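In: sequence and predicted structure below; questions after.
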Amino acid sequence: MSILISSITVPEHRQRREIGDINELADSISRLGLIHPVVVDRNNCLIAGFRRFSAVKALGWTHIDCTYTDELDPLVLHLIELEENIKRKDLTWQERHDAIIEYHRIRKEQDPNWTEARTASAIGIARPTVTQHTTVDKLRDNPLVRNADGFRTALNNATRILERRAADEANTHGLIGNQYTSPFIHADFHAWSETYNGPKFNLIHCDFPYGINSHNSRQNPSGYDDSIETYFNLIRTLSINLDRFCAPSAHIIFWFSPTYFCQTWELLKLLDGFKFDEHPLIWARDDQRGIAPDAQRRPRRVYETAFFGWRGDRPLVRMKNNAFVGPSPSGDHAHEKSQSMLEYFFEMVVDPQTAILDPTCGSGSAIRAATALGAGRTLGLEVNKEFINDARRTYDNWNRGRRNGNNAVATGN
């Protein structure tokens with residue numbers, strides 16, 4: 001059927017801003033004729049074929065061959081509309097992604113041998129672009145992917161998550177399930193690490209006693225031995241027994257005192273397979289609570305630092321800044337880490353595939369933080385029986401509050 005070109009209306013969303021050079025197409029049409037008619041509805045509204053329509057207008061034609069939408073097989077019409085939608089410029093990245101994936105899916109249903117390359121050719125995009133969209137589609141229900149502010153961010157997030165999953169699945173011990181009825185056990189890290197042979201952990205959170213003799217402090221005394229010997233012995237045990245409990249692909253967050261910055265850095269570099277960021281994580285207390293070691297000569301210390309490391313080239317879950325400003329925790333445990341601060345940093349590394357070990361868990365704030373972010377498995381060790389009992393009570397109260405919709409319990413806010 002041939003209709004007047006002047007009778008055709010083009011909806012604004014169909015007007016592609018980039019139609020490319022149509023001179024070659026116009027030359028082909030002038031020599032060979034219009035091989036593929038444009039598609040219009042019964043109101044002569046253009047549905048598909050904007051470049052062909054533009055080319056024949058440039059040639060000065062008054063009429064153009066067309067096919068009406070109600071004359072097409074419904075599936076063919078659906079594919080045409082999908083193809084046109086993919087090329088629209090006003091789509092969100094999610095809408096364009098959905099259109100590409102649906103087009104590819106329908107073609108695969110029609111022809112099991114249909115490939116990503118054929119989809120790319122059919123709709124005029126690069127083949128790697130289709131591969132990228134199928135990668136994103138594997139995690140279409142993940143909020144980090146679906147709610148990304150752009151397709152490139154969604155692709156990066158999806159790629160990181162899939163790489164983390166692949167690395168975890170390669171761990172022969174597996175990371176599914178929790179062999180403990182409680183996320184806390186009363187155990188000495190030295191003895192536990194020498195005999196442990198269970199599922200391995202892909203996040204190690206170390207908040208060892210800093211070795212600054214805070215047990216003798218009159219300002220903020222700790223209830224445990226905080227000698228330098230204790231500190232270096234714990235690092236030695238971590239290094240010797242690391243592969244008993246740490247997965248080949250893992251992250252580590254290691255809190256330390258700047259007093260032993262250089263010594264700690266050199267010892268951590270000996271951990272098998274681990275690399276560390278030279279710039280530590282920083283938690284600055286905005287309530288100005290801290291330690292004043294010498295009120296006459298030195299400023300109050302209101303921030304703490306942690307080295308961040310990885311092995312097996314483990315990707316992040318999401319990017320975060322390396323500094324957090326927030327209040328001190330409100331608990332009674334000396335030198336407790338803020339749960340809100342830990343949740344902030346843990347967002348980089350915790351997802352449902354995460355199995356976290358805290359060898360000296362103290363108040364248990366790291367275990368609560370990981371649980372709040374959906375970690376698949378959590379375990380905190382604590383040698384002090386009073387501390388472990390307090391950690392269990394706090395965790396149970398917090399968990400009940402969380403289930404009842406009160407997320408502020410024991411968060412340090």
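Out: On my side now, so go ahead.

In: which residues in the stretch 51-200 of the chain form helices?
Out: Under the criterion DSSP state H, counting those that start in this stretch, the stretch 51-200 of the chain contains helices at 74-86, 93-110, 116-123, 127-137, 143-146, 151-169, 189-195.

In: which one of the ones you listed lies closest to Cys206?
Out: helix 189-195 (9.6 Å; CB to CB). From N, CA and C alone the C-beta is placed, and that goes for glycine too.

In: grab the nearest non-local neighbour of Ser116.
Out: Just to correct that, residue 116 is Glu rather than Ser. Of all residues not flanking Glu116 in the chain, Val130 sits nearest, at 4.3 Å (CB to CB, 6 or more residues apart in numbering).

In: please apply the same query to Ile388.
Out: Of all residues not flanking Ile388 in the chain, Glu382 sits nearest, at 4.1 Å (CB to CB, 6+ apart).

In: so that neighbour touches Phe184, yeah?
Out: Yes. Counting by CB atoms under 8 Å, Glu382 sits close enough to Phe184 to count as a contact (6.6 Å).

In: show me where the stretch 201-350 of the chain has its helices.
Out: So, for the stretch 201-350 of the chain - with DSSP H, counting those that start in this stretch - the helices run 228-245, 261-268, 339-346.

In: OK, contacts around the one residue sitting closest to the centre of the chain?
Out: Computing the C-alpha centroid of the chain and ranking residues by CA atoms, centre = their mean puts Val317 first, at 2.8 Å. Val317 makes contacts with 144, 157, 160-161, 164, 347-351, as judged by CB atoms under 8 Å, 6 or more residues apart in numbering.

In: ok, it to Thr9 distance?
Out: Separation of Val317 from Thr9 (CB to CB, to the nearest Å): 48 Å.

In: ditto for Arg289
Out: According to CB to CB, Arg289 and Thr9 sit 69 Å apart.

In: try Arg285
Out: On the measure of CB to CB, Arg285 and Thr9 end up 64 Å apart.

In: likewise Asp277?
Out: Distance of Asp277 to Thr9, computed by CB to CB: 58 Å.

In: check contacts around Gln353.
Out: For Gln353, the contact set (CB under 8 Å, 6+ apart) comprises 164-165, 168, 175, 202, 376.

In: looking at those residues, which is nearest Leu139?
Out: Taking these together and measuring to Leu139 by CB to CB, the closest member is Arg165, at 9.5 Å.

In: what residues are up against the closest one?
Out: Gln353.

In: lowest-confidence helix or strand of this protein?
Out: Ranked by mean pLDDT, DSSP states H and E, the weakest helix or strand in the chain is helix 74-86, scoring a mean of 68.

In: name whatever forms a beta bridge with Val325.
Out: In this structure, Val325 bridges to Ala284 when assessed by DSSP bridges.

In: and the lengthiest strand in the chain, which strands flank it?
Out: Longest strand in the chain, counting residues (DSSP state E): strand 246-256. With DSSP bridges as the test, strand 246-256 is paired with strand 201-206 (parallel), strand 303-311 (antiparallel).

In: returning to that earlier point: now do the contacts for the residue nearest to Ile388.
Out: Glu382 neighbours (CB under 8 Å, 6+ apart): 184-187, 360-362, 364, 388, 391.

In: filter the residues you listed to the buried ones?
Out: 184, 187, 360-362, 364, 388, 391 (16 or more other CB atoms under 10 Å).

In: could you dump these to a markdown table with distance to Asn44 and pLDDT?
Out: Shown next, in a markdown table, are these (distance: CB to CB, whole Å; pLDDT from 0 to 100):
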| residue | distance to Asn44 | pLDDT |
| --- | --- | --- |
| Phe184 | 72 | 95 |
| Ala187 | 78 | 94 |
| Thr360 | 76 | 95 |
| Cys361 | 72 | 94 |
| Gly362 | 74 | 90 |
| Gly364 | 70 | 95 |
| Ile388 | 77 | 91 |
| Ala391 | 73 | 91 |
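
In: and which of those is nearest Phe208?
Out: Thr360 (5.6 Å).

In: got the contact list for that closest one?
Out: Thr360 sits in contact with 189, 206-209, 234, 381-383, where contact means CB under 8 Å, 6+ apart.

In: one more time with 10 Å
Out: 188-189, 205-209, 224, 230, 234, 366, 380-384, 387 (CB atoms under 10 Å, 6 or more residues apart in numbering).

In: one more: Ser6?
Out: 44, 57, 62-63.

In: hmm, what's the outermost residue in the protein?
Out: Residue farthest from the centre of the chain, counting by CA atoms, centre = their mean, is Thr62 at 55.2 Å.

In: doesn't Leu4 make contact with that residue?
Out: Yes. Contact criterion CB atoms under 10 Å: Thr62 and Leu4 qualify, at 6.5 Å.
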